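**Student:** here's a sequence, model it:
(one chain, ligands or ions: 1)
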Amino acid sequence: MSLKNRLQRLHPRLGKEEIDGIFVSQPENRCYLSGFDGSAGFLLITPQNKILATDFRYIEQAQKQAPDYEIFPISSGIPDWLPKLAADVGLKRLGFEAGHITFAIYQQLTDVLKQSQLKLIPVDGLVESLRVLKEPEEIELITEAVEITDSALEYIKDMIHTGMSEKEVAWEIEKFLREKGSEPIPFDVIVASGPNSALPHAKPSSHAIQSGEPIIIDIGARVGGYSSDLSRTIYHGTADDTLNKVYDTVLRAQLAAIAAIKKGMTGGEIDDVARMVIKQAGYGEAFRHGLGHGIGLAPHEQPRLGPNSPDKFAAGMVFTIEPGIYLTGWGGVRIEDMVVIEEDKIRVISKARK
Ligand code: ZN
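**Tutor:** Numbers count the residues shown, from 1 in each chain. Got it, this is the predicted structure:
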């Protein structure tokens with residue numbers, strides 16, 4: 001992990017935001033910039049200082065995982081120690097992650113800072129905008145996570161049968177993912193069959209799988225903190241005309257989008273490509289979510305692929321392409337793969353059969 005390189009990319013951004021330091025409270029951002037993945041801790045970063053604040057439960061882990069950081073032991077809430085710590089390192093304008101600090105903590109901090117020179121400046125998506133460009137080591141970990149998910153999909157396709165409940169299938173998948181080396185999975189396994197599959201984020205129910213109905217399986221694994229996210233729609237028995245037509249449309253939309261991806265294109269433009277295929281087949285209203293999302297330390301991160309998204313593709317980005325059609329009362333189909341933008345080509349990372 002090239003933390004040095006990450007900090008070097010961060011420093012010029014501080015100037016751009018007109019802040020002289022940043023307080024990082026978002027856990028994935030903290031892990032990205034320090035290597036420390038304990039469940040409680042904060043960073044204070046300036047061009048001269050790297051401070052990791054955490055409590056006694058994590059001090060040893062923090063020293064091991066973030067040897068370049070000065071460890072600052074804490075035993076109470078942020079407003080008790082942050083203003084003094086920031087003043088001690090000479091900060092005047094401290095950036096904080098507006099999307100993550102709660103309103104209550106913000107209020108307490110402003111109270112403490114009433115008489116002080118230190119100003120709190122909200123910043124949004126600063127570290128996230130660094131995370132969006134993956135380093136080769138990160139892509140390797142993502143690829144390992146994808147391989148585990150690929151093999152779980154192959155495994156479940158062979159073992160699924162009518163009469164099994166969605167919950168049973170979900171548990172078989174979860175066990176398999178963990179046994180094949182996944183860390184705690186990044187999001188709950190989705191197994192949605194028949195009418196349940198019309199809900200994009202359905203919870204596995206005790207519904208017994210029937211012959212010929214669509215079954216959406218949407219799963220992720222995690223390796224070294226990095227997630228994968230893949231979906232397949234399968235069925236047992238024979239598919240009827242609706243399932244054949246819907247499946248064919250979703251697959252064509254997905255392949256068209258993958259074929260069209262180019263550096264410099266936006267998440268909105270690529271969403272249009274897939275959406276057009278689905279519209280032309282008469283299912284425009286039934287594709288009710290964005291085409292995809294970036295993935296990394298978080299299962300959903302930048303870039304966003306969806307109507308009007310201005311996020312521009314660049315080498316190093318990893319994201320999902322997952323069109324879907326959902327027909328209330330009947331069911332749905334979603335097909336999701338992961339791609340990486342390389343210097344000279346687009347590569348589909350996932351390999352599970354469709
Ligand atoms: Zn996804």
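**Student:** quick one: contacts for Ser116?
**Tutor:** Contact analysis of Ser116 by Cβ atoms under 8 Å, 6 or more residues apart in numbering lists 83, 87. C-beta coordinates here come from the backbone N, C-alpha and C atoms, glycine included.
**Student:** got the phi/psi numbers for it?
**Tutor:** The phi and psi torsions at Ser116 (degrees, to the nearest 10) take the values phi -100, psi 160.
**Student:** so what's the residue of the stretch 51-200 of the chain at minimum distance from the ion up against?
**Tutor:** Residue of the stretch 51-200 of the chain nearest the ion, by Cβ to the ion: Phe187 (8.6 Å). Taking Cβ under 8 Å, 6+ apart, we find Phe187 in contact with 220, 229, 299.
**Student:** in terms of helices and strands, where is it?
**Tutor:** Using DSSP states H and E, Phe187 sits within no helix or strand.
**Student:** what does the one 4 residues further on give?
**Tutor:** Of the helices and strands defined by DSSP H and E, Val191 is found in strand 190-193.
**Student:** which other helices and strands does that strand contact?
**Tutor:** Counting contacts by 3 or more Cβ pairs under 8 Å, 6 or more residues apart in numbering; DSSP states H and E, strand 190-193 is packed against helix 166-179, strand 215-219.
**Student:** so how far is it from its chain's centroid?
**Tutor:** Put simply, strand 190-193 sits 20 Å off its chain's centre (Cα atoms, centre = their mean, to the nearest Å).
**Student:** low-scoring stretches of the stretch 201-350 of the chain, by residue?
**Tutor:** Flagging of the stretch 201-350 of the chain using pLDDT under 70 yields an empty set of residue ranges.
**Student:** helices along that one, start to end?
**Tutor:** Assigned by DSSP state H, counting those that start in this stretch, the helices in the stretch 201-350 of the chain fall at 241-260, 267-280.
**Student:** list the buried residues of the last one.
**Tutor:** Same thing as helix 267-280. Using 16 or more other Cβ atoms under 10 Å as the test for burial, helix 267-280 gives 267-275, 277-279.
**Student:** show me which residues of this protein are close to the ion?
**Tutor:** 229, 320 (Cβ under 5 Å from the ion).
**Student:** how does the chain divide into domains?
**Tutor:** If you go by automatic domain parsing, the domain ranges for the chain are 3-131, 136-348.
**Student:** looking at these, which is closest to Lys354?
**Tutor:** Between Lys354 and these, the shortest gap by Cβ to Cβ is with domain 136-348, which sits at 6.2 Å.
**Student:** follow-up on the earlier one: what's the most buried one of the helices and strands packed on strand 190-193?
**Tutor:** Of all the helices and strands packed on strand 190-193, strand 215-219 has the most neighbours on average by mean count of other Cβ atoms under 10 Å, namely a mean of 26.
**Student:** which residue is it, in the stretch 251-354 of the chain, that comes closest to the ion?
**Tutor:** Thr320 (4.4 Å).
**Student:** and the nearest residue to that residue once chain neighbours are set aside, how many neighbours does it have?
**Tutor:** Sequence neighbours aside, Gly292 is the residue nearest to Thr320 in space, at 4.1 Å (criterion: Cβ to Cβ, 6 or more residues apart in numbering). By other Cβ atoms under 10 Å, the residues close to Gly292 number 28.
**Student:** one step back: of all the helices of the stretch 201-350 of the chain, which lies closest to Pro47?
**Tutor:** helix 267-280 (32.1 Å).
**Student:** quick one: the closest one to helix 241-260, angle?
**Tutor:** Using axes from the mean of the first three to the mean of the last three Cα atoms, to 10 degrees, the inter-axis angle of helix 267-280 relative to helix 241-260 is 150 degrees.
**Student:** so what touches helix 267-280?
**Tutor:** For helix 267-280, contacts defined as Cβ under 8 Å, 6+ apart pick out 249-250, 252-254, 256-257, 260-261, 284, 286-287, 290-292, 303-313, 321, 323, 325.
**Student:** quick one on the thing from earlier: report the two of the buried residues of helix 267-280 separated the most.
**Tutor:** The span of those, defined through Cβ to Cβ, is set by Gly267 and Lys279 at 18.1 Å.
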